[in-house]
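> Structure, please.
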Amino acid sequence: MAVLGAYCFIDSKLIPNSGINYKKAEKQPLFLLLYEILFIFVSRTQQERRLMKRIFFIVSILWVSLLSMQAQPQVLFKNKVQDLGYILWRNPRTIVYEFSNTGDRPLVVSKVIPSCGCTTVDWTKDPIPAGGTGQITAVFDAEAIGHFYKDLSVITNASYHPFYLEFNGVVTASSEDYSQTHPFGFGMVRLDKDEVEFEQVNKGDQPEFVIGVANASDKAYTPVMMHLPQYLKAKAVPEVLEKGKHGKIILTLDTDLLPKLGITRTSVYLSRFSGDKVGRDNEIPISIALLPDFSKLTSQQRNNPPELSLSVGQLEISGLKPGKKKAQTILITNKGKSNLEIYDMQVFGMALSVNLKKTVIKPDEVVKMKVTVIADNLNRSKSHPRILMVTNDPNHSLVTIRVKAKVEAEK
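Predicted coordinates:
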């Protein structure tokens, strides 16, 4: 015999000659079947009555169990895990977990146990009716500097096992504690990037570039980008960062408003406080590479494209002395079947100087490009030293040559 939902299924071998229509009983509600068994029970022999009595007892137990299974509280948490971000040292943070009773019996939260003594808890102690809501409140003391992962064990009458809630974040004492995640300092504001690059964008695109921002000051801060050109928009999320909190600045590029094909360079400035002015200390360089449109090439142009090849893709300058400069040569070869054209070339960094005499290179032709690094200018620019070229090679429309150089101290 087995019980499923509110229906009963009985093997006919258990009650021989009972008179019960078993095919009908398979679809009959359990309580009606019990009445039928009880009616037949009074007309049986003593031996059959004993067997019927046992069956009736088992069915009753299963029926009560079924009712208890169907009627019970159920807890549903709105958010079991919370990321608190950055918290200032010894500034306690309150965390609230909201939950609801989705069952059909009252829900009781009997106990909430924090994982350490750094957290105190409180919760809704009255029984929560079906469809009702409650909350658990935890207060974290933020006494220990560094990353933290804490949990709460919630004991209820909805389960034999506890429910687990979590919260995590970083306790910081000063801006120095942001050095791993936001290494670039702008006063008491720190960023995870100090330069913006929109590379390989096409006409009609509206790409986004995200900068992480952290407020290491002791008061609320509103991130604002100053001197934005018309083709850039900036949005801070959230608009206001409370002390010790972090967020992001989203820069959106409208390529239809760019002044020209190729490489566009500009700078924006991060406002560190109300009334801040623009200067090198809060400058954020921006580079944009708008690529040519190759969709309108003829079949002959597609079958006979230029092919750019560089002797090296990255320059490493060693042995550079203070007050000196050092040069290296890169060979540019056109291995294609039509002329290679360098539409635009930009040099990033005051320490670099580039000499390229030809911008149209014939098939199989080799052209020299001389790159000079000036030692005293390496630390005068916020841009990372590199060379960008935009070409008519469909497979190498944007070429980046990065330059690594280090000044050796004089002995």
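> which intervals of the protein have sub-threshold pLDDT?
Scanning the chain for pLDDT under 70 picks out the ranges 1-71, 173-177, 410-411.
> Wait, Val366 touches Ile332, no?
Yes: applying C-beta atoms under 8 Å, one finds Val366 in contact with Ile332, separated by 7.1 Å. Quick note: C-beta positions are derived from backbone N, CA and C, even for glycine.
> ok, these two, which is more surrounded?
More neighbours surround Ile332 than the other of Val366 and Ile332, with 21 against 12 (other C-beta atoms under 10 Å).
> In three-state terms, label the closest residue to that one other than its chain neighbours for me.
Spatial nearest neighbour of Ile332, excluding adjacent residues (C-beta to C-beta, 6 or more residues apart in numbering): Val367 at 4.8 Å. Classification of Val367 using DSSP: H, G, I helix; E, B strand; the rest coil returns strand.
> quick one: contacts for Val367?
If a contact means C-beta atoms under 8 Å, 6 or more residues apart in numbering, then Val367 has Leu331, Ile332, Thr333, Leu356, Lys357, Lys358, Ile361 as its contacts.
> in the stretch 151-300 of the chain, which spans are helices?
For the stretch 151-300 of the chain, the helices defined by DSSP state H, counting those that start in this stretch occupy 299-303.
> Would you mind splitting this structure into its domains for me?
Here the domain parsing of the chain from automatic domain parsing is 2-70, 75-172, 190-290, 304-407.
> Of these, which is nearest Thr181?
Closest approach to Thr181 among the domains of the chain is made by domain 190-290 (6.3 Å; C-beta to C-beta).
> returning to what we had before: tell me which of the domains of the chain approaches Pro183 most closely.
Going by C-beta to C-beta, the one of the domains of the chain nearest Pro183 is domain 190-290, 7.1 Å.
> Quick one: end-to-end distance for the closest one.
Domain 190-290 has an end-to-end distance of 29 Å (C-alpha to C-alpha, to the nearest Å).
> just stretch 82-100 next, same as before
Stretch 82-100 has an end-to-end distance of 18 Å (criterion: C-alpha to C-alpha).
> now do stretch 170-185
Stretch 170-185: ends 18 Å apart by C-alpha to C-alpha.
> quick one: stretch 305-312 to chain centroid distance?
Between the mean C-alpha location of stretch 305-312 and the chain-wide mean there is a distance of 38 Å, by C-alpha atoms, centre = their mean, to the nearest Å.
> Pull out the buried residues from that stretch.
Using 16 or more other C-beta atoms under 10 Å as the test for burial, stretch 305-312 gives Pro305, Pro306, Glu307, Leu308.
> JSON lines for these, including distance to Glu242 and secondary structure?
Shown next, in JSON lines, are the buried residues of stretch 305-312 (distance: C-beta to C-beta, whole Å; DSSP: H, G, I helix; E, B strand; the rest coil):
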{"residue": "Pro305", "distance to Glu242": "55", "secondary structure": "coil"}
{"residue": "Pro306", "distance to Glu242": "55", "secondary structure": "coil"}
{"residue": "Glu307", "distance to Glu242": "54", "secondary structure": "coil"}
{"residue": "Leu308", "distance to Glu242": "50", "secondary structure": "strand"}
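> Let me know the closest of those residues to Leu388.
Of these, the one sitting nearest to Leu388 (C-beta to C-beta) turns out to be Leu308, at 13.3 Å.
> Show me what that closest one is bridged to.
Going by DSSP bridges, Leu308 is paired in beta bridges with Asn334.
> pretty sure it is touching Pro394, no?
No: judged on C-beta under 8 Å, Leu308 makes no contact with Pro394 at a distance of 10.4 Å.
> Out of the buried residues of stretch 305-312, flag the one nearest to Glu239.
Checking the buried residues of stretch 305-312 against Glu239 by C-beta to C-beta gives Leu308 as the nearest, at 45.0 Å.
> could you list every residue that touches that closest one?
Applying C-beta under 8 Å, 6+ apart, we find Leu308 in contact with Ile332, Thr333, Asn334, Lys335, Gly336, Leu340, Thr391, Asp393, His396, Val399.
> Repeat that for Glu307.
So Glu307 contacts Asn334, Lys335, Gly336, Leu340, Asp393, Asn395, His396 (C-beta under 8 Å, 6+ apart).
> gap between it and Val367?
Note on Glu307: its distance to Val367, by C-beta to C-beta, to the nearest Å, is 14 Å.
> So which bits of the helix or strand encompassing Val96 are buried?
Val96 belongs to strand 93-101 when assigned by DSSP states H and E. Across strand 93-101, burial judged by 16+ other C-beta under 10 Å covers Arg93, Ile95, Tyr97, Phe99, Ser100, Asn101.
> The fifth one and Gly131 touch, don't they?
Looking back up the chat, that one is Ser100. Yes: between Ser100 and Gly131 there is a contact under C-beta under 8 Å: 7.4 Å.
> For Cys118, give its distance to Ile249.
Remark: distance between Cys118 and Ile249 (C-beta to C-beta) = 33 Å.
> Likewise for Asp276?
Applying C-beta to C-beta, the value for Asp276 to Ile249 is 15 Å.
> With neighbour numbers in mind, choose between those two.
The neighbour count for Asp276 versus Ile249, taken as other C-beta under 10 Å, is higher for Ile249 (22 against 16).
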